[in-house]
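In: Return atomic coordinates for the entry below.
(2 chains)
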Amino acid sequence: MKEPEQKLVVPNGWLEALVRKLRVQGTRVLAPVERDGAVDFREINSADEMAANYVNTRVPLKEILFPRTETILEFDQPSGGDVVFSGVEANAAPTIVIGARPCDLSAIGVLDTVFNWDYHDTFYGQRRANTTFVGVACREADGNCFCGSVAGGAGENEGSDVFVRPTADGALLEIMTERGKKLAQSIDDAAPAAGKEEPLPVAATEERFDVEKIKGWLDDHFDDDFWLDVSLKCLGCGACSYLCPTCHCFDIVDESDWRGGERRRNWDCCSFALFTLHTSGHNPRPDQQSRCRNRLMHKFKYFVERFGRRACVGCGRCIRVCGAGQNIVNVLIDITRAEAATSGSA
Amino acid sequence: MPVEKTACSCSEKLYLPRPATIVKVRQVTPTEKLFELRLDDGSDLGHQPGQFVEVSLFGYGEAPISVSSSPTRKGTFELCVRAAGSLTNAMHKLPEGATIGIRGPYGNGFDTEQLKGKDILFIGGGIGLVPLRSLINYVLDNRGDYGKTTILYGTKSPAEILFTDELKAWEEDPTVDFRMTVDRGDENWTGHIGVITTLLEDLETGPATTYAVVVGPPIMYKFVLLSLRSQDFRDDHVIVSLERRMKCGVGKCGHCQMNSIYVCQDGPVFNYARIKDFPEAF
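Out: Below you'll find the predicted structure:
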């Protein structure tokens, strides 16, 4: 939890007024919208379009900053001539995202790290600089949410530019960043918080495993039959990675016709058999067992060692989407138990 | 007040290659061609020995290729490419004068400062000689800065031997101890036969003052590393270069991730002591 720069109280109806104002200004507004039974971030013109009740969106927030596919350059080959190629601008229209969940916002921190740790990624950076996130505390969780075990939980404000805590007659707004302050200028009827406001209770997500102990077990169990057991339930389809708010691997491919085309980057996944396959035939991760191990190790060990934070935020999407019923919480509980057994503290 | 567009402080052309022209192409083995390239903007590539570039063939994509020439040879640079996948096969069909795209150089390259004053034992297996050659020629062009130079080179058969003119020059160079072997000879082969570790057996090296620089296929590392250890080489006196299916080359796409390391940025050159406990390294 971070200390906000500013706290404001707003009455019911503040959101409707804000969206109206932003749209009149011509600003792009994204919010969770239900369509065909799925809630996802879509452009809205009015707050009425927002989904009334949603635990989280189907596709995570990452897609707004890091689309599933995007053009990174274009090329053209006039007949008989040399190839001409040119870069493209990232589509980075100023955007306000309303209704993001704390888990997904915490995941943006993971993406920020990867896309900036050495080189700064052009496309990600331009969108990031032009996107303002309004997070909302979760009043409801479902059985697959586990943010309380890995991240700050349902009321975590970190990662938001403005964080909304609903109250009985409006909301308490926590203004977290300069971008948030700018947005707050468009919020009518906002008054400085008096400190007596009582936000409605957030969803409870109790701690179901111990991440420190998991890291300890992973440190010592690269070679273990456990990974074979885990992999037997993995189809290698990549759905978990695509819907993971922190997974950020991508492929770069050319798509062209007889004359020209474009280079795109597309979401990719370390669970795919081709992900690490060399042209020579050598594959550093030749079986599903090594790939499942890498995915889990990367989230709970390698990323921690490299960047000092976990690459799992407990959104539960990988559990909801898995066609084979793989459940990362059960896997992590199993590891916690195994750790307890090996350290003799069971 | 409308929200204004904000500029980011990112590398504007991170994924945009620079055009380069193929100045010269030479078929060096039945499967490898040596491409001499010049960047169209007239600049030097500015690489370190051991670095790589992402080669663009529009319509085919990109592939990571080691730079084979030494930065001491200015103006152009060389890539030695095996026709193995779709991009490299297409590249083999390109004539002199054709344009390709180049991103990079990327990666760390060999630490030429650390090696100064040291005896160097180069061990190259097969196409592993390609990146090694950039360092060998760098050392030979700065002869006074480095100690005793030994080069061991092995291929599966005589047909796969690369850079034959240069090998001859190394053989005739009195300051270089050059030895080579093939796994299987043919009717014309009169040289040494056997895997590369057999060359190590009758070599007199001083492990205390020598750095071994090893580049080859995964299987070669396994045996050469064992052999070096039996000759009392310290782990931190062994330098290796790893191959990975790199896509972005700038530490983002995740394809070359191994433990907490990005091979494209933290490598491809590693001190063996740093990665010896990583089971996926070789």
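
In: okay, CA-based contacts and neighbour counts for the rest of this
Out: Will do.

In: Endpoint to endpoint, stretch B:209-224 covers what distance?
Out: Separation of the first and last residues of stretch B:209-224 by CA to CA, to the nearest Å is 18 Å.

In: I would like the residues contacting it, please.
Out: B:115, B:118-129, B:131-132, B:196-197, B:237-242, B:282 (CA atoms under 8 Å, 6 or more residues apart in numbering or on different chains).

In: list the buried ones in that stretch?
Out: For stretch B:209-224, the neighbour count (16 or more other CA atoms under 10 Å in any protein chain shown) marks B:210-217, B:220-221, B:224 as buried.

In: Remind me which helix or strand A:Val10 belongs to.
Out: Assigned by DSSP states H and E, A:Val10 falls within strand A:6-11.

In: For that strand, what does the pLDDT average out to?
Out: For strand A:6-11, the mean pLDDT works out to 96.

In: For that strand, name the packing helices and strands.
Out: For strand A:6-11, the helices and strands in contact under the criterion 3 or more CA pairs under 8 Å, 6 or more residues apart in numbering or on different chains; DSSP states H and E are strand A:170-175, strand A:191-192.

In: show me what contacts A:Ala31?
Out: A:40-44, A:50, A:97-100.

In: contacting residues around the longest strand seen in chain B?
Out: Across chain B, the longest stretch assigned as strand under DSSP state E is strand B:18-27. Outside strand B:18-27, the residues within contact range by CA under 8 Å, 6+ apart are B:33-41, B:95-103.

In: So which of those residues are in strands?
Out: Secondary structure from DSSP E places B:33-39, B:99-103 of these in strands.

In: Show me which of those is closest to chain A.
Out: Lowest distance from chain A to those (CA to the nearest CA) belongs to B:Thr99, with 6.7 Å.

In: quick one, what contacts that closest one?
Out: Taking CA under 8 Å, 6+ apart, we find B:Thr99 in contact with A:82-83, B:19-22.

In: so who does B:Ile151 touch?
Out: Neighbouring residues of B:Ile151 by CA under 8 Å, 6+ apart: B:121-124, B:176-179.

In: That one and B:Val213: what is the separation?
Out: 10 Å.

In: again with B:Tyr60
Out: B:Tyr60 sits 33 Å away from B:Val213, going by CA to CA.

In: same deal with B:Lys24?
Out: Relative to B:Val213, and taking CA to CA, B:Lys24 is found at 29 Å.

In: Go through the buried residues of stretch B:209-224 and say which is closest to chain A.
Out: Comparing these against chain A with CA to the nearest CA places B:Pro217 closest, at 9.0 Å.

In: Show me where the stretch 151-300 of chain A has its strands.
Out: A:162-167, A:170-175, A:191-192, A:250-256, A:260-267 (DSSP state E, counting those that start in this stretch).

In: and the longest one, what other elements does it pack with?
Out: What it means is strand A:260-267. Judged by 3+ CA pairs under 8 Å, 6+ apart, the packing partners of strand A:260-267 are strand A:69-76, strand A:250-256.

In: So which bits of stretch A:34-49 are buried?
Out: By neighbour count on 16+ other CA under 10 Å, the buried set for stretch A:34-49 is A:34, A:39-47.

In: Include secondary structure when you put those into CSV, please.
Out: Listed next are the buried residues of stretch A:34-49 as CSV, based on DSSP: H, G, I helix; E, B strand; the rest coil:
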residue, secondary structure
A:Glu34, strand
A:Val39, strand
A:Asp40, strand
A:Phe41, strand
A:Arg42, strand
A:Glu43, strand
A:Ile44, coil
A:Asn45, coil
A:Ser46, coil
A:Ala47, helix
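
In: Could you export those as a markdown table, including distance to chain B and pLDDT?
Out: Converted to a markdown table, the buried residues of stretch A:34-49 look like this (distance: CA to the nearest CA, whole Å; pLDDT from 0 to 100):
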| residue | distance to chain B | pLDDT |
| --- | --- | --- |
| A:Glu34 | 27 | 96 |
| A:Val39 | 26 | 97 |
| A:Asp40 | 24 | 97 |
| A:Phe41 | 20 | 97 |
| A:Arg42 | 19 | 97 |
| A:Glu43 | 16 | 97 |
| A:Ile44 | 16 | 97 |
| A:Asn45 | 15 | 97 |
| A:Ser46 | 17 | 96 |
| A:Ala47 | 18 | 96 |
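
In: Quick one: those residues as a markdown table, columns for distance to A:Arg28 too.
Out: Compiled in a markdown table, the buried residues of stretch A:34-49 are given as follows (distance: CA to CA, whole Å):
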| residue | distance to A:Arg28 |
| --- | --- |
| A:Glu34 | 18 |
| A:Val39 | 18 |
| A:Asp40 | 16 |
| A:Phe41 | 12 |
| A:Arg42 | 10 |
| A:Glu43 | 7 |
| A:Ile44 | 8 |
| A:Asn45 | 9 |
| A:Ser46 | 11 |
| A:Ala47 | 13 |
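
In: Domain map for chain B?
Out: Per the record, chain B has its domains at B:10-106, B:119-281, by automatic domain parsing.

In: Listing request: residues of the chain with sub-threshold pLDDT.
Out: Here I'm looking at chain A. Within chain A, the stretches with pLDDT under 70 are A:80, A:344-346.

In: Please refer instead to chain B.
Out: Using pLDDT under 70, chain B drops low at B:1-12.

In: Appreciated, that's everything.
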